[in-house]
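Trainee: I'd like to go over a predicted model; first the sequence, then the structure.
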Amino acid sequence: MNRLPEPTPSAAATRSGPLTWVQQWHWFERTVPARRRVNPTPLADHCHVPPPATVADVHVALAALTARHEALRTTVDPLRPVQHVHRADWAPLPVDHLDVRTVDADTLEAATAALAARPIDPERNPPWRARVLLEAGRPRAVLLAAHHVVIDGWGLAVLINQLHDRLRGAGAPAEASQHPLDTIAAQAPERASAAEREWLTRLAGNPTGVLAPFGGTDDGAGRHRLQHRSAGTYDDLHRVARRHRVSPEVVVLAALAHDVAARTGELRFLASVVVSNRARAALRNSVGVRALTVPVQIDLRPGAAFCEVVASVAAASAAAYRHGQWRPAELVAAQARMDRRRGVVTVPTIEYNCYSWPRDYLVPGYLVPAPDTPPGGSTTWIRSAPDEPCDTLYVDLGLDAGVVTLDVTVGDHLLDAGQAVALPVRLCAFLRALADGAECPVPARPRAPATAGWWRAPQGWVCPARVEEVLRGHPGVLDVTVAPSGDAAGEGEPHLVAHARTAPGVTPDELHRHVLDHLDEVPGIAAPARYVLSPAGPGSDRPYTPTTGAGTLRIPSRPPTTDAERALAAAVAAVAPGDPPDGSPDRPDAVDMNRCLADHGVTLVAVPRLLALLHQFGFTGIASDELAGTASLGHLATALEPSPPRAHRGGDTSP
């Protein structure tokens, strides 16, 4: 069995330690294929160079910031969640220069987007880079890009502000800059465990796919990214916030919740909210990763005025923030186990970021003026991209220089292009009405009917036709119909029943496992509660009905059978926590291929090591985000393929 070597810190490192719980997700996400990442990496933005600063002044300021902020000289281990802080003179400043004809808004946007598109290697090099734009030989702007595993969006803004202050001669902030390593000892494990239980409890009781049946195109083949900016809404938003004594960010989240309830009729759903986690003054000037996601449980009442809605959202947000320190590695595994057990993937209705991504990621494809827009008012940019649809609605809020910026990312199967454009326009009109004194009660009935073909299951919205499509993909299934039922086996609660005509030998357990393996792939599917089989051929008139429902179906264990399955089983046994007495590398046949990775106790922080081991065993074809889902090991192994041969160049070959 080939085992991976333990990491050895560089001689230039002054101290090392584990990544914080907040950093773990971004460390894992760097291994996800770029087109499937949720967060843009690297982050990028820019600032102007005040006269009479020179290129030399820019270099001196960046060197001073590097000495002040340990995050600017931190690297991460590629296979384990460990970070190393290096000396200030460990590496040359990652700065280059670019001559441009003029530094206008279009040039800044294009140049910042180009810098963001360049990859940053946080394992061997500084986790940031800078580019100085020169106009007629004089520095006019500095562009900065940073890797999210070490520096978050708020931190990048802090860094740019401090750079600008130094270039105009202002001193450094009085507060010392804290590195994430400084706060690890203060993170209580018992609080993290309580937060995980709280998060999973809320997640288990929430519907899923709330927006799916209420709009969008049938094929769900596109993703829309748009931006809406309004100066008038800035004043409206702050008037409403002062009236209800809450923050503007809470008001926007409450407005989104009101819109979802009015459109869908759903009154209880989950919002996944990104917060900066810089409540203490000592952390406000830190450039390290502090932002994290907290689950906010939305509970509304038909007829409730907006004052009640905003109070409910504020209370839910406060409760969520108290549980803001959890361990993403363990949480993702626990969520995967729960999803597989329930047979449905819970998707937050809203994902809400209180600090929007830089504008340069939203390159406009065409310009769409907002309806009834006065001169100098709001404008909406929108671009459709033929990539994978989003499973939820992303809304990023930015408040900058008297302007409200709403960045929206959504897939066709939730909202089509026209509906996506209408959303921020409708929110701004809603805030104007609230500012003028309207109560805006929550409607008792949705204003948009559900899309045909969707059914409201206890777990959320389900599309039976998509469940049928998944079941037809199982070998031996000749025909299948899926329909809701509430009287089978004397059960009063409505549930799904699958009636399948199959070749001999197909069992309900196999069909159930097949649906579970496709939970993450197809929006709107759930494992049916009952499977009724009619074997094909003579005597097929007599159906076979299992005596147990989906909640108690026991899927028998299965050892690995192919070379790919044996390689995956050996890698899982090697990275699983503790000493697996049965599934050891010498006995990969003891690893159950019918269970998912989370069932074996493997968390996302072990995924890079698992992929490296598979590479050593000669297999490739699985992406890291696929391993974090609910698919069984047997299902994952079908995607493995032999690694292409490489010419030996001498020396050791690293993964």
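Mentor: In hand now; what should we look at?
Trainee: which residues of the stretch 401-550 of the chain fall in strands?
Mentor: Listed from the start of the chain, the stretch 401-550 of the chain has strands (DSSP state E, counting those that start in this stretch) covering 403-411, 455-457, 460-462, 477-485, 495-502, 530-535.
Trainee: Residues contacting the third one, please?
Mentor: If you take C-beta atoms under 8 Å, 6 or more residues apart in numbering as the criterion, strand 460-462 is touched by 206-210, 212-213, 344, 346, 450, 454-456, 496, 524-526. Bear in mind the C-beta positions are built from the backbone N, C-alpha and C, glycine included.
Trainee: ok so, going back, could you dump the strands of the stretch 401-550 of the chain into TSV and include distance to Ala257?
Mentor: As requested, those are arranged in TSV below (distance: least, C-beta to C-beta, whole Å):
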stretch	distance to Ala257
strand 403-411	15
strand 455-457	19
strand 460-462	17
strand 477-485	28
strand 495-502	29
strand 530-535	35
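Trainee: can you tell which of those strands is closest to Phe28?
Mentor: Smallest distance to Phe28 across the strands of the stretch 401-550 of the chain (C-beta to C-beta): 20.6 Å, for strand 403-411.
Trainee: Please write out the alpha-carbon positions of that closest one in CSV.
Mentor: Once non-C-alpha atoms are left out, strand 403-411 reads as follows in CSV (Å, rounded to 0.1, in the frame of the first residue of the first chain):
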residue,chain,number,x,y,z
VAL,A,403,-25.6,52.9,-4.2
VAL,A,404,-27.4,49.6,-3.6
THR,A,405,-25.9,46.8,-5.7
LEU,A,406,-27.8,43.5,-6.0
ASP,A,407,-25.9,40.7,-7.8
VAL,A,408,-28.2,37.8,-8.7
THR,A,409,-27.1,34.3,-10.0
VAL,A,410,-29.9,31.9,-10.9
GLY,A,411,-30.5,28.9,-13.1
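Trainee: first vs last residue of stretch 460-468, how far apart are they?
Mentor: 17 Å (C-alpha to C-alpha, to the nearest Å).
Trainee: Let me know the average pLDDT across it.
Mentor: Over the span of stretch 460-468, the pLDDT mean works out to 91.
Trainee: Stretch 473-485 now?
Mentor: 94.
Trainee: Name the residues that touch it?
Mentor: Outside stretch 473-485, the residues that touch it by C-beta under 8 Å, 6+ apart are 455, 457, 464-465, 467-468, 471-472, 494-503, 505-506, 510-511, 514, 518, 528, 530, 536.
Trainee: how about low-confidence regions in the stretch 101-250 of the chain?
Mentor: Under the criterion of pLDDT under 70, the regions of the stretch 101-250 of the chain flagged as low confidence span 174, 185-187, 218.
Trainee: Where do the strands of it begin and end?
Mentor: According to DSSP E, counting those that start in this stretch, the strands that the stretch 101-250 of the chain contains are 128-135, 138-146, 223-230.
Trainee: who touches the longest one?
Mentor: Contacting residues not belonging to strand 138-146 are listed as 42-49, 53-55, 58, 103, 108, 111-112, 115-116, 118, 120, 127-134, 155-156, 159-160, 163, 287 [C-beta under 8 Å, 6+ apart].
Trainee: Whichever of those residues end up buried, select them in PyMOL.
Mentor: Buried members of the contacts of strand 138-146 can be picked out in PyMOL with the line below, counting by 16 or more other C-beta atoms under 10 Å:
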select buried, resi 42+43+44+45+46+47+49+53+55+58+103+108+111+112+115+116+120+127+128+129+130+131+132+133+134+155+156+159+160+163+287
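Trainee: circling back to that earlier point, now the strands of the stretch 101-250 of the chain as CSV including distance to Asp77?
Mentor: As requested, those are exported to CSV (distance: least, C-beta to C-beta, whole Å):
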stretch, distance to Asp77
strand 128-135, 18
strand 138-146, 19
strand 223-230, 33
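Trainee: Tell me which of these lies nearest to Ala606.
Mentor: Among the strands of the stretch 101-250 of the chain, strand 138-146 comes nearest to Ala606, with 26.2 Å by C-beta to C-beta.
Trainee: Indicate each strand paired with the closest one and its parallel or antiparallel sense.
Mentor: strand 43-48 (antiparallel), strand 128-135 (antiparallel) (DSSP bridges).
Trainee: State the number of residues packed around Thr409.
Mentor: The local packing of Thr409 (other C-beta atoms under 10 Å) involves 21 other residues.
Trainee: For it, give me its contacts.
Mentor: Counting by C-beta under 8 Å, 6+ apart, Thr409 makes contact with 223-225, 390, 393-394, 396.
Trainee: what about 7 Å?
Mentor: Going by C-beta atoms under 7 Å, 6 or more residues apart in numbering, Thr409 touches 223, 225, 390, 394.
Trainee: Tabulate these (a markdown table), appending distance to Pro189 and neighbour count.
Mentor: Compiled in a markdown table, the contacts of Thr409 are given as follows (distance: C-beta to C-beta, whole Å; neighbours: other C-beta atoms under 10 Å):
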| residue | distance to Pro189 | neighbour count |
| --- | --- | --- |
| Arg223 | 38 | 21 |
| Arg225 | 39 | 22 |
| Cys390 | 34 | 22 |
| Tyr394 | 31 | 22 |
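Trainee: List just the nearest of these to Leu167.
Mentor: Distances from Leu167 to the contacts of Thr409, taken as C-beta to C-beta, are shortest for Arg225 (32.4 Å).
Trainee: Now that we're looking at the nearest residue to that closest one once chain neighbours are set aside, what pLDDT does it have?
Mentor: What sits nearest to Arg225 in space, not counting adjacent residues and going by C-beta to C-beta, 6 or more residues apart in numbering, is Thr409, at 5.0 Å. As predicted, Thr409 sits at a pLDDT of 87.
Trainee: what about Met338, neighbour count?
Mentor: When neighbours are counted by other C-beta under 10 Å, Met338 registers 17.
Trainee: Report the buried residues of the host helix or strand of it.
Mentor: When secondary structure is defined by DSSP states H and E, Met338 falls within helix 328-342. Going by neighbour count (16+ other C-beta under 10 Å), the buried part of helix 328-342 is 328-340, 342.
Trainee: And for the closest residue to Arg37 other than its chain neighbours, the neighbour number?
Mentor: For Arg37, the nearest residue in space outside its immediate sequence neighbours is Glu29; the separation is 5.8 Å by C-beta to C-beta, 6+ apart. The local packing of Glu29 (other C-beta under 10 Å) involves 20 other residues.
Trainee: Likewise for the one 5 residues further on?
Mentor: Applying the criterion other C-beta under 10 Å, we find 10 residues in the vicinity of Ala34.
Trainee: show me what contacts Gln23?
Mentor: Gln23 touches 149, 180, 289, counting by C-beta under 7 Å, 6+ apart.
Trainee: so how far is the lengthiest helix in the chain off the chain centroid?
Mentor: When every helix of the chain is counted residue by residue (DSSP state H), the longest turns out to be helix 417-435. If you compare the mean C-alpha spot of helix 417-435 with that of the full chain, they lie 25 Å apart, counting by C-alpha atoms, centre = their mean, to the nearest Å.
Trainee: name the helices or strands packed onto that helix?
Mentor: Under the contact criterion of 3 or more C-beta pairs under 7 Å, 6 or more residues apart in numbering; DSSP states H and E, helix 417-435 touches strand 223-230, helix 231-244, helix 248-264, strand 379-385, strand 403-411.
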